[in-house]
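> just coords:
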């Protein structure tokens, strides 16, 4: 749908260009670069929830929502570069789609501010864009992925947090389909999948958010049971990257396993 047009555009030699696209991507890159690298502003997350976090661990969300001090994975230089690369992927693929003749809109500076309402509560999301294709409007979401994640994506295995975000946006926009555009950040390969709105995923995402809203500092939602520890004492891999893992898992430590660190239960000395 879009990937074929982008690939065709990239293989054809053409001097045609749209100054509006060039101006937009230049200005967006400037803003992203400044946000990631040239400011010390710390975003306040207390009392805030986002559709992008609806599929994540409810306890992790609750720590942020109730303003707990972070004690875990920090935003280091590597993380900032990853966020920057993610911004560039979104800007590049959406701009290439436009240059290739796809009817893509509501992107960049024209991104819509989307209210997501449930149970008398409202949170705000910012979808990456919209696509008009053969008379039908699609939501567009763009993600960059590791080779491992991209292989799963190509098999149709979409991360639960992505599915929750997409379905909340589709529900709020009263749309049925999302064009999910992904790039393998190791190889540069791009691919796409069409995701259809699933009422069960919408309901689960909203219930997850309500669990956080109804929690208190004294009574936090439990982490998902599958997050561990497993029979070897290792916690789910995503716990390693949580900004509050030392608060949530006080009896855990980082251990080196082969070439990477894992979060594991402390062994009795």
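Sure, I can see it. Since the structure is predicted, the reported quantities are computational estimates derived from the model, not experimental observations.

> going forward, measure contacts between C-alpha atoms and count neighbours the same way
Will do.

> how does the protein divide up, domain by domain?
Annotated domains of the chain cover 3-213, 225-265 [automatic domain parsing].

> any chance of a markdown table for those domains, columns mean pLDDT and mean neighbour count?
Converted to a markdown table, the domains of the chain look like this (pLDDT from 0 to 100; neighbours: other Cα atoms under 10 Å):
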| stretch | mean pLDDT | mean neighbour count |
| --- | --- | --- |
| domain 3-213 | 93 | 16 |
| domain 225-265 | 89 | 15 |
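
> format those domains as TSV; extra columns: distance to residue 219.
Shown next, in TSV, are those (distance: least, Cα to Cα, whole Å):
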stretch	distance to residue 219
domain 3-213	10
domain 225-265	13
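
> for the lengthiest strand in the chain, packing partners?
As assigned by DSSP state E, the longest strand anywhere in the chain is strand 136-145. Secondary-structure packing of strand 136-145 (3 or more Cα pairs under 8 Å, 6 or more residues apart in numbering; DSSP states H and E): helix 77-99, strand 129-133, helix 160-173, strand 177-184.

> give me that answer again for 6 Å
Here strand 136-145 touches strand 129-133, strand 177-184, going by 3 or more Cα pairs under 6 Å, 6 or more residues apart in numbering; DSSP states H and E.

> how about the ones you listed in CSV, adding distance to residue 20?
Output for the helices and strands packed on strand 136-145, formatted as CSV (distance: least, Cα to Cα, whole Å):
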stretch, distance to residue 20
strand 129-133, 17
strand 177-184, 22
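
> and those: which comes nearest residue 57?
strand 177-184 (22.5 Å; Cα to Cα).

> what's in contact with that closest one?
Residues from elsewhere that reach strand 177-184, judged by Cα atoms under 6 Å, 6 or more residues apart in numbering: 138-147, 150, 189-196.

> distance from the very next helix or strand once past that strand to the middle of the chain?
Note on strand 177-184: by DSSP states H and E, the next helix or strand toward the C-terminus is strand 190-196. What separates the centre of strand 190-196 from the centre of its chain is 15 Å, taken as Cα atoms, centre = their mean, to the nearest Å.

> now swap in stretch 137-146 and tell me
With Cα atoms, centre = their mean as the basis, stretch 137-146 stands 9 Å off its chain's centre.

> circling back: which of the helices and strands packed on strand 136-145 sits closest to residue 225?
Closest among these, using Cα to Cα: strand 177-184, at 29.0 Å.

> angle of that closest one against helix 77-99?
120 degrees (axes from the mean of the first three to the mean of the last three Cα atoms, to 10 degrees).

> just say helix, strand or coil for residue 69.
Look at residue 69: counting by DSSP: H, G, I helix; E, B strand; the rest coil, its state is coil.

> who touches it in this structure?
Under the criterion of Cα under 6 Å, 6+ apart, residue 69 has no neighbours.

> how many other residues sit next to residue 221?
21 (other Cα atoms under 10 Å).

> once you drop chain neighbours, what's closest to it?
Leaving aside its chain neighbours, residue 221 sits nearest to residue 59 (5.2 Å; criterion: Cα to Cα, 6 or more residues apart in numbering).

> right, I'll leave it there.
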